[in-house]
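Undergrad: Dropping the sequence and predicted coords here.
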Amino acid sequence: MKKVLLTIVKSKCRSGYFKAGQQFAVEDVCPPICTELWNCIYPYVFALQNGARLDHGDGTALCFEAKCPDEGRVEIRGELLE
């Protein structure tokens, strides 16, 4: 299965789970991140792992950017590792 690299870009996490710069490689198992954030980004991760190109700016790309549903306290970037 293709790998997706998740990088924490910014973090003001209430629970202290994340620090800016942390990285997680996702292949076939959920990484150790909170359920709320994982539920938001899983569709993008799954799509990249299965060959999709995602809307990004004016075009498409093999990456995505998302924010935590808790007022956007954590910003994360995902990109396909080829």
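TA: Structure received.
Undergrad: If I look at the residue lying farthest from the centre of the chain, what pLDDT would I see?
TA: Taking C-alpha atoms, centre = their mean as the measure, the residue most remote from the mean C-alpha position of the chain is Asp58, 20.1 Å away. The per-residue pLDDT reported for Asp58 equals 86.
Undergrad: Can you pull the phi and psi angles for it?
TA: phi -90, psi 0 (degrees, to the nearest 10).
Undergrad: let's have the chain start at 138 instead
TA: Sounds good: first residue 138 from here, last item Asp195.
Undergrad: now it: how far from Leu185?
TA: As judged by C-beta to C-beta, to the nearest Å, Asp195 and Leu185 stand 19 Å apart. (Glycine included, C-beta is placed from N, CA and C.)
Undergrad: before we move on, what about Leu199?
TA: Leu199 sits 6 Å away from Leu185, going by C-beta to C-beta.
Undergrad: The two: who's more crowded?
TA: Leu185 (23 against 17; other C-beta atoms under 10 Å).
Undergrad: Shouldn't the more buried one be within a strand?
TA: No. Read with DSSP: H, G, I helix; E, B strand; the rest coil, Leu185 is helix and lies in no strand.
Undergrad: Just give the closest residue to it, not the sequence neighbours.
TA: Closest residue to Leu185 apart from its sequence neighbours, by C-beta to C-beta, 6 or more residues apart in numbering: Leu217 at 4.7 Å.
Undergrad: Quick check: which element contains Pro168?
TA: Using DSSP states H and E, Pro168 sits within no helix or strand.
Undergrad: quick one: contacts for the residue farthest from the centre of the chain?
TA: By C-beta atoms under 8 Å, 6 or more residues apart in numbering, no residues touch Asp195.
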